[in-house]
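A.B. asks: I need the structure of the sequence given here:
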Amino acid sequence: MDDINKETAVGGLPVDGDIAPSGPTPDEVGLRVRLLESRDRDSIGRILKQHHATTVFRNQPFSDWKLDRHFQLILSRPPRMACLVAVWNDEVLGVAWASADSYMLSDGPLFSTVEVIAVDLERPPLRRAKVFLALVAGLKQWAASMGASHTFVHVTTGSNLKATDRLMRASGAQFIGGAYVVP
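C.D. replies: Next comes the predicted model:
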């Protein structure tokens, strides 16, 4: 985790290269992925509230208390946890949180599990897509730095499923199953 600086994703590779392999357009130059900082609390809280309001869990009250507990945990920098923040020209536009652990039936290599990817829903669709893809690229780099063999993104929100599927496939992800909700 010490490989991360404020302007690049894990491993020191600029996220811009993962977004636009032929080189970033002038509009993409400001997009960076970095680790969560305490100053991000309000921006991330706003984005996560937007995200929560679109999910199958929207009938449950959003918990600022629980968000603060997550922030405290993440900011303590556990060795197998990362919270990445997408910043566009110094404005926070997205967040992704993941952890790494071994498969429950194996002593093999680690795999990473993505807990959340959320982007600012007040932005235009193309900007949201670019931020989403930058976060996925950052997660992939972090997982590789951990020696993870796989990264699992569990889409359990019930919102924007077709768009999420398109973006995940665009990032190179392979669909291997699904989530079911039993009432």
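
A.B. asks: For this protein, which segments count as strands?
C.D. replies: 31-35, 81-88, 91-102, 110-119, 151-153 (DSSP state E).

A.B. asks: What's the mean pLDDT across the shortest one?
C.D. replies: In this model, strand 151-153 has an average pLDDT of 82.

A.B. asks: Return the set of buried residues in it.
C.D. replies: Residues T151, V153 are the ones in strand 151-153 that count as buried (16 or more other Cβ atoms under 10 Å). Any C-beta I mention is one placed from the backbone N, CA and C, and that applies to glycine too.

A.B. asks: And for it, what's in contact with it?
C.D. replies: Counting contacts by Cβ atoms under 8 Å, 6 or more residues apart in numbering, the residues outside strand 151-153 that touch it are A98, F111, S112, T113, V114, I117, V136, L139, K140, A143, M168, A173.

A.B. asks: For V87, see how far away the first one is.
C.D. replies: According to Cβ to Cβ, to the nearest Å, A98 and V87 sit 18 Å apart.

A.B. asks: Looking only at neighbour counts, state which of the two leads.
C.D. replies: A98 (25 against 21; other Cβ atoms under 10 Å).
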